[in-house]
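Sequence first, then the predicted structure:
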Amino acid sequence: MGFSKDNLTGFILALLSSGFIGASFIIKKKGLRRAAAASGVRAGMGGHAYLLEPLWWFGMITMIVGEVANFVAYAFAPAVLVTPLGALSIIVSAVLAHFILKEKLHKLGILGCVMCIAGSVIIVIHAPQERSISSIQEIVNMATQPAFLLYVGSVMVLVFILIFYFAPQYGHTNVLIFTGICSLMGSLSVMSVKALGTALKLTFEGRNQLIYLETWFFMFVVATCVITQMNYLNKALDTFNTAIVSPIYYVLFTTLTIVASIIMFKDWDGQSAGSIISEICGFIVVLSGTILLHVTKDFERSSSFRGNYTPLSPTLSTRLCSGNGESLKHDVEEGPSSEEVSSRRQDLYT
């Protein structure tokens, strides 16, 4: 299938987004280290000296630029194309950390990077064309079709059950509770972001969509979903090891987002079975590469921890089954601070 101009624009924006966001993690971490060295108090221990550090603010601006590029990408390309490309920010971050922060990239981590790139190429080649939309009313019609209303209703019911029943009892022992809430709300936030982005795109083209109440409704939905998503993502990252939360969240969020997009925007309509199967295979390769990257990072930290303190630390599978992985949560001085955690990419769209 040919690569349309809109798809190309969305693809380039998604790549730029991943580059900026991946780099922002490294810049911010450098700023956090510099601020900690100057003040003697790390951000993770309650220090706020980083707010006076220009390098940290440069990293924050870089991240914002990346998120804006990601937002705009959804206005040009289908979520089936844009969302999986978010994994590339992990590659950028891992490679830059290897050269700038001197954080060793394991050989299996390199394999994970290659898998992410290969899977992304497959997805890009077989991605569906962006559907032409001429008004916000068209998006409202898509959002009110029975199949998507059933999806939204199911998501809301599951979120309420998770928040009010499972979270109080199992939220701090089962990683799937908080990440499940984030992922479910994240899929709705991406659909709303795409609707809002398309409305703004049409407005800039001369067809004002800001006069319609529906545009502002989608803006409200975006704000509500993102706030909820960020709240529970931070809870997950504060409770469990990042090396567990990040891959699980990426898998759930990306899968649910693609499902929601297929239902609402009919991304797979008109595509051949071969293209659909290729996209699914590419998606699985990207997911596998992402998980391998995170597990390898966890392996490196675990090896260092075992060498210095204890003969054995829990494996990834053990912690997934039994609980929160607290044994590695504060094991190294260079672990992510609370400020880094709150700005992780998986918090919003990819």
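That came through, no problem. Numbers count the residues shown, from 1 in each chain.

Please count neighbours and contacts with C-alpha atoms only from this point.
OK.

ok, how many other residues are close to Leu233?
Neighbourhood size, Leu233 [other Cα atoms under 10 Å]: 27.

Sticking with it, tell me its helix or strand.
helix 213-239 (DSSP states H and E).

roughly how far is that helix from the heart of the chain?
Per Cα atoms, centre = their mean, to the nearest Å, the displacement of helix 213-239 from the mean C-alpha position of its chain is 13 Å.

List the buried residues of that helix.
Neighbour counts using 16 or more other Cα atoms under 10 Å place 214-215, 218-219, 221-222, 225-227, 229-239 of helix 213-239 among the buried residues.

Show me what the next helix or strand after that helix is packed against.
The element immediately downstream of helix 213-239 (helix or strand, assigned by DSSP H and E) is helix 242-265. Other helices and strands packing on helix 242-265, by 3 or more Cα pairs under 8 Å, 6 or more residues apart in numbering; DSSP states H and E, are helix 79-82, helix 136-143, helix 146-161, helix 175-204, helix 273-308.

Need the ones you listed in TSV (columns: mean neighbour count, distance to Trp56 and mean pLDDT).
Formatted as TSV, the helices and strands packed on helix 242-265 follow (neighbours: other Cα atoms under 10 Å; distance: least, Cα to Cα, whole Å; pLDDT from 0 to 100):
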stretch	mean neighbour count	distance to Trp56	mean pLDDT
helix 79-82	28	27	92
helix 136-143	17	38	95
helix 146-161	15	34	97
helix 175-204	24	26	95
helix 273-308	19	23	79
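
looking at those helices, which is closest to Val92?
helix 273-308 (11.8 Å; Cα to Cα).

Using PDB, write out every CA atom in stretch 234-246.
Output of stretch 234-246 as PDB, limited to C-alpha atoms (Å, rounded to 0.1, in the frame of the first residue of the first chain):
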ATOM      1  CA  ASN A 234       2.900   7.600  39.300                       C
ATOM      2  CA  LYS A 235       1.300   5.200  41.900                       C
ATOM      3  CA  ALA A 236       2.500   2.200  39.900                       C
ATOM      4  CA  LEU A 237       6.000   3.600  39.500                       C
ATOM      5  CA  ASP A 238       6.200   4.600  43.100                       C
ATOM      6  CA  THR A 239       5.100   1.100  44.200                       C
ATOM      7  CA  PHE A 240       6.800  -1.200  41.800                       C
ATOM      8  CA  ASN A 241      10.100  -1.500  40.100                       C
ATOM      9  CA  THR A 242      10.300   0.600  36.900                       C
ATOM     10  CA  ALA A 243      11.700  -2.300  35.000                       C
ATOM     11  CA  ILE A 244       8.500  -4.200  35.600                       C
ATOM     12  CA  VAL A 245       6.000  -1.300  35.200                       C
ATOM     13  CA  SER A 246       7.400   0.100  31.900                       C
END
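
next one: that stretch to chain centre, how far?
Using Cα atoms, centre = their mean, the offset of stretch 234-246 from its chain centre is 13 Å.

for stretch 115-129, same thing?
On Cα atoms, centre = their mean, the centre of stretch 115-129 falls 17 Å from that of its chain.

picking that back up, quick one, the helix holding Leu233 and helix 136-143 angle?
50 degrees (axes from the mean of the first three to the mean of the last three Cα atoms, to 10 degrees).
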